[in-house]
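> build me a structure from this.
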Amino acid sequence: MARTLKSPNEKVSISVVFDLETGETIAAENVTVTVYDWEDEEITGIFVSGSVSVSGATATARVQAGTDGEKYKVVFKATTTNHIYEEIHYIIVTDILDQYKN
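I've put the predicted structure just below:
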């Protein structure tokens, strides 16, 4: 289970690696990223910043914002000719990190 700890004001890049079958490829336009809160309610608009980038089997998204003390589930879905792949990354937001930045 992949996890990232971030502050509410911080933008971070998160990546997932899809376990593709031999010969399969993914393109950025075939990858979606959806963010859910801990009650599985979809969070819209404010969390994923920009578009998803893809290199080989790795997809990367830039995330921002979030509420201090909240946990979020980031779901990456990649569609190929024969399969739909899903990978999950968890984000924990805390403002404690801001206290240590100079």
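
> per-residue pLDDT, N9?
You'll see N9 listed with a pLDDT of 87.

> identify the bridge partners of the residue nearest the centre of the chain.
The residue lying closest to the centre of the chain (C-alpha atoms, centre = their mean) is V74, at 4.3 Å. Note on V74: beta-bridge partners by DSSP bridges are V35, H89.

> which pLDDT does the model give it?
So V74 comes in at 93 (pLDDT).

> contact partners for it?
In this structure, V74 makes contact with 14, 33-36, 47, 61, 63, 88-91, judged by C-beta atoms under 8 Å, 6 or more residues apart in numbering. Using the backbone N, CA and C atoms, a C-beta is placed for each residue, glycine as well.

> lowest pLDDT pick from these?
Lowest pLDDT among these: F47, 83.

> distance of it relative to H83?
26 Å (C-beta to C-beta, to the nearest Å).

> check V16 too.
For V16, the distance to H83 - C-beta to C-beta - is 15 Å.

> next: S49.
S49 sits 28 Å away from H83, going by C-beta to C-beta.

> list the buried residues in stretch 37-46.
Residues of stretch 37-46 classed as buried: I43 (neighbour count, 16 or more other C-beta atoms under 10 Å).

> could you do stretch 42-61 as well?
Quick answer for stretch 42-61 (16+ other C-beta under 10 Å): 43, 47-48, 52, 54, 57, 59-61.

> from these, which is closest to E70?
Distance to E70 across the buried residues of stretch 42-61 (C-beta to C-beta) is lowest for I43, with 9.5 Å.

> show me the contacts for that closest one.
By C-beta under 8 Å, 6+ apart, I43 lies in contact with 35-37, 72.

> in the protein, which spans are strands?
Along the chain, counting by DSSP state E, strands occupy 2-6, 12-17, 31-37, 42-43, 48-55, 58-63, 71-79, 84-93.

> CSV please, covering those and showing distance to T25.
Converted to CSV, those look like this (distance: least, C-beta to C-beta, whole Å):
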stretch, distance to T25
strand 2-6, 22
strand 12-17, 14
strand 31-37, 12
strand 42-43, 28
strand 48-55, 9
strand 58-63, 12
strand 71-79, 10
strand 84-93, 12
